[in-house]
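Undergrad: Sequence and predicted structure, then a few things I'm wondering about:
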Amino acid sequence: MRIDGLFLPVKRRDEKPIYFVEVQYYKDANIYANLFAEVFIYLNQNDHTQDWQAVVLYSSRNLEPSQLNLYIELLNPSKVRRIYLDELVVDSGSSLGLGIIDLVRIDPQSTPEKVKELLARSQVEIDTEQIRENVINLIETIVVYKLPNLSREELEAMLDLADLKKTKLAQELLAEGPAEGRVEGKLEIVPTLLKLGFSVEVITEILGLEMETIRRIAGDK
């Protein structure tokens, strides 16, 4: 089992909860069984005393399982928040986080303008360099997932990579650093692409890896 996102309080004894995040782009009848198994296994192994909350991001409401009777008590809104991206309304004054969620769901034609807006906001609204770099990496990764057919030149123009060469993805796009490191980085994101519903064939084309390698990872998943 794999947790898509795990967010811990900065301080161990902070009153803020631990957040577990699942992103779902395909129908999975076992999503809640897997989610709660991940939550309670993690809490058991790490012996945390903080409260917890879970967030499930569906690309569309129709992907949610129809049979919820086994989990209805656990799906209390105070513990589990379900968000349907196709129903989300985000205005220009929304938080940077909501803007990134909006980037996931908007049409490809609107993506370049939205990316430039989010990158500019991240430079102004985030004071901590490490957090800013993580946010920029997330934005870049979403772009690569959404627009896999863009050329390197088009990605550079959209992301203004001349100013972002310090980020991991930018270095990979610009072929900076050893080739074996870039291959390792590609292998690390294969499970996430599979989770998002990309086929083996599409992942092979996006990452430029051997199809047999992708199939082996998909079989182990």
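TA: Sure, I can see it.

Undergrad: need the strands for the protein, in chain order.
TA: Using DSSP state E, the strands found in the chain span residues 5-7, 18-24, 52-58, 80-84.

Undergrad: Val39: which of those strands is closest?
TA: strand 18-24 (5.4 Å; CB to CB). In short, each C-beta sits where N, CA and C put it, glycine included.

Undergrad: okay, the angle between that closest one and strand 52-58?
TA: 20 degrees (axes from the mean of the first three to the mean of the last three CA atoms, to 10 degrees).

Undergrad: any residues touching strand 18-24, and which ones?
TA: 3-9, 31, 35, 38-39, 42, 48, 50-59, 63, 195-196 (CB atoms under 8 Å, 6 or more residues apart in numbering).

Undergrad: Using neighbour counts, give me the buried entries of those residues.
TA: 4, 31, 35, 38-39, 42, 50, 53-59, 63, 195-196 (16 or more other CB atoms under 10 Å).

Undergrad: Verify the contact between Ile139 and Ser122 for me.
TA: Yes: if you go by CB atoms under 8 Å, Ile139 and Ser122 touch, sitting 7.4 Å apart.

Undergrad: Scan the helices and strands of this protein for the one with the lowest mean pLDDT.
TA: helix 168-173 (a mean of 53; mean pLDDT, DSSP states H and E).

Undergrad: Could you break this protein into its assigned domains?
TA: 1-87, 90-176, 178-221 (automatic domain parsing).

Undergrad: burial of Asn62, as a residue count?
TA: 10 (other CB atoms under 10 Å).

Undergrad: Distance of it relative to Tyr32?
TA: Counting by CB to CB, to the nearest Å, the separation of Asn62 from Tyr32 is 16 Å.

Undergrad: ok, now Ala218?
TA: Taken as CB to CB, the span from Ala218 to Tyr32 is 23 Å.

Undergrad: Have a look at these two and say which one is more surrounded.
TA: Tyr32 (23 against 15).

Undergrad: Show the pLDDT at that one.
TA: Looking at Tyr32, its pLDDT is 94.

Undergrad: what's it in contact with, if anything?
TA: Contacts of Tyr32 by CB under 8 Å, 6+ apart are 65, 68, 70-71, 74-75.

Undergrad: Grab the two from those that are most spread out in space.
TA: Pro65 and Leu74 (13.3 Å).
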